[in-house]
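Trainee: Sequence and predicted structure, then a few things I'm wondering about:
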Amino acid sequence: ELAQTALVVRPEKDETFLRKNARLTAEGALATVMRVKKRALMRETALVTGYGRIGQEMTARLCALGMFVIVCARSEEQMRMAHAAQIAAACRQADVIINTIPAHVLGDAALAATARDTPIIELASAPYGLEMQKAVKLGLQVCVESGLPGRYAPLDAGEALFDALTRAMGTRKEDAQCAT
């Protein structure tokens with residue numbers, strides 16, 4: 001008789017997987033930026049909203065390409081007003097905006113300050129970093145780019161998931177050996 005076992009793998013709890021996924025997302029986003037901009041990125045200005053794993057990876061790659069990068073991140077409550085004022089100014093300067101925050105950080109003032117030829121690359125999940133309908137009404141180009149690792153580097157994305165599964169199974173196997 002075989003023992004029944006169940007294993008639930010949660011890649012979102014695996015830091016190694018999350019870091020690799022962030023790197024793959026950043027690379028896919030770069031491909032999107034270059035496709036949309038139709039020009040080299042050196043000497044351009046990028047606004048990256050959010051400085052989590054994806055924001056960090058994105059910023060490192062944009063800087064390596066010779067871009068001037070402005071980073072805006074969510075902060076404590078007392079900094080919200082300053083943040084809102086600064087993000088509109090940053091949007092005015094940006095040649096491309098890359099959002100990684102799944103909350104409306106690009107408000108009305110920020111969207112109004114954004115040049116119509118500045119693409120907004122949306123990497124966050126819903127509710128996204130802006131109100132889509134407002135951006136469309138203003139004539140802004142928003143590229144919702146979910147699932148970039150699987151679209152731009154499917155072999156690496158699959159390998160990252162496989163590695164997370166292998167780690168989870170190894171942890172479970174070690175736990176089972178310790179119990180005996």
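Mentor: Sure thing, it's come through.
Trainee: neighbours of K13, just the number please.
Mentor: A count of nearby residues for K13, using other C-beta atoms under 10 Å, gives 10. C-beta coordinates here come from the backbone N, C-alpha and C atoms, glycine included.
Trainee: Could you check the pLDDT of it?
Mentor: Note on K13: pLDDT of 88.
Trainee: can you give me the strands in this protein?
Mentor: Counting by DSSP state E, one finds strands in the chain at the ranges 45-49, 68-72, 96-99, 120-122, 142-144.
Trainee: give me the low-pLDDT residue ranges for the chain?
Mentor: For the chain, applying pLDDT under 70 flags the ranges 1-5, 75-85, 171-180.
Trainee: Compile the strands of the chain into JSON lines and extend it with columns for mean neighbour count.
Mentor: Below are the strands of the chain laid out as JSON lines (neighbours: other C-beta atoms under 10 Å):
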{"stretch": "strand 45-49", "mean neighbour count": "26"}
{"stretch": "strand 68-72", "mean neighbour count": "18"}
{"stretch": "strand 96-99", "mean neighbour count": "27"}
{"stretch": "strand 120-122", "mean neighbour count": "26"}
{"stretch": "strand 142-144", "mean neighbour count": "16"}
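Trainee: Of those strands, give the one that comes closest to R151.
Mentor: strand 142-144 (12.3 Å; C-beta to C-beta).
Trainee: So H104 sits against Y128, correct?
Mentor: Yes. Here H104 reaches Y128: they are 7.4 Å apart, a contact under C-beta atoms under 8 Å.
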